[in-house]
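Engineer: quick one: sequence and predicted model below, then my questions.
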Amino acid sequence: MKAIILNEFGGVENLIAAEVDKPVIASDEVLVKPSSISINPVDVKTRSGKGIAGLIKDQMPVILGWDIAGVITEIGVDVTDFKVGDEVFAMLAFPKPGKVYAEHVAAKATELALKPANISMDEAAAAPLAALTAWQALTHHAKIKAGDRVLIHAAAGGVGHYAVQIAKYLGAYVIGTSSDANRDFVLSLDADEHIDYKAGPFEEVVEDIDFVLDSIGGEYIDRSLKVIKKGGTIISIPSGLNETVTEKAKELGIEGYTIKVFPSGAGMRALADLLERGIIRSHVSETFSFDQMAEAHRQIETGRTVGKITLQF
């Protein structure tokens, strides 16, 4: 089968089209033929030697990718919740290689959910890693409740645009930061306020925050801590840029966490329900063909992707 493999870390030229063996599924797995996949900043960071590169450096060559939407073509003997022909979507195996840059993908049945019939394959593929990250941050770790004041950085991005919608669903008052160019988009997600991060320091115009979701790291941690109430919470996502968040927060009477998203069939089913009901939606700003993987990686590297990008087979 056709796949895109990474022989060594580095630039996009290291993403190589190759013929590889079709996966042989285990008893608890299904084989999925992807219709659409999406990529995330972690794909790009890992390809370049950051991200989860340290976890997979001894497994090279490797097939990257985690987000998938497609059709089940085979089922393992122990799988009872799915059947051949089901349309499914998931984030697979993270932080192990999900191996979705391929024409056929082996997937643990416990990590899958049925794709809602009323959304496209692209909209489904866009959601898993980014939306699961937002869902787990807001419900597993922070436990956002009605009336909480929530600040979401990079609100127009992959994780951010789902986080705004999920926080609103949970009843929060949501403030999102982005450039002014994305103001209307952030407000269209039902954010209560928008802050243009280029217009001036956000910490000078916002206060009394119960929860901050930080997908930027670095100085944004220190600046965010200035606006959080005692007893509030900050969750910082980007690895390598947030090691001190717990200690810095504790000094101020604030809870500080770093998190890593984990595969969850239950989480995917919760997201499927929200997507089906129109409570959250995936914003796909650009779609590439599978053969345009390098271009898709370059787009993510700009740091200016609005919502998500997808690749179609």
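Structural biologist: Thanks, I have it. Just so it is clear, the structure is predicted and the values come from calculations on it, not from any experiment. Numbering: from 1, shown residues only.
Engineer: which SSE is residue 310 in?
Structural biologist: strand 308-312 (DSSP states H and E).
Engineer: tell me which strands and helices that strand is in contact with?
Structural biologist: strand 29-38, helix 121-126, strand 284-289, helix 293-301 (3 or more Cβ pairs under 8 Å, 6 or more residues apart in numbering; DSSP states H and E). Bear in mind the C-beta positions are built from the backbone N, C-alpha and C, glycine included.
Engineer: which among the ones you listed is found nearest to residue 64?
Structural biologist: helix 293-301 (9.2 Å; Cβ to Cβ).
Engineer: distance from the chain centre to the closest one, please.
Structural biologist: 16 Å (Cα atoms, centre = their mean, to the nearest Å).
Engineer: from residue 294, how far off is the residue nearest to residue 201 when sequence neighbours are not counted?
Structural biologist: Excluding the flanking residues, the one nearest residue 201 by Cβ to Cβ, 6 or more residues apart in numbering is residue 223, at 6.8 Å. With distances taken as Cβ to Cβ, to the nearest Å, residue 223 is found 35 Å from residue 294.
Engineer: the residue nearest to residue 201 contacts residue 203, doesn't it?
Structural biologist: Yes - between residue 223 and residue 203 there is a contact at 4.9 Å, judged by Cβ atoms under 8 Å.
Engineer: how confident is the prediction for residue 239, by pLDDT?
Structural biologist: Among the per-residue scores, residue 239 shows a pLDDT of 69.
Engineer: re the thing from before, just confirm the residue nearest to residue 201 is within a strand.
Structural biologist: No - the assignment for residue 223, made by DSSP: H, G, I helix; E, B strand; the rest coil, is helix rather than a strand.
Engineer: residues near it, how many?
Structural biologist: By other Cβ atoms under 10 Å, 17 other residues sit near residue 223.
Engineer: got the contact list for it?
Structural biologist: 201, 202, 203 (Cβ atoms under 8 Å, 6 or more residues apart in numbering).
Engineer: same question for residue 80.
Structural biologist: Residue 80 touches nothing, counting by Cβ under 8 Å, 6+ apart.
Engineer: quick one: residue 13 from residue 45, how far?
Structural biologist: Counting by Cβ to Cβ - residue 13 and residue 45 are separated by 17 Å.
Engineer: so for those two, which sits in the more crowded spot?
Structural biologist: Of the pair residue 13 and residue 45, residue 45 is the one with more neighbours under other Cβ under 10 Å, namely 18 against 7.
Engineer: so residue 266 is in which element?
Structural biologist: Per DSSP H and E: helix 265-276 holds residue 266.
Engineer: so for that helix, mean pLDDT?
Structural biologist: 98.
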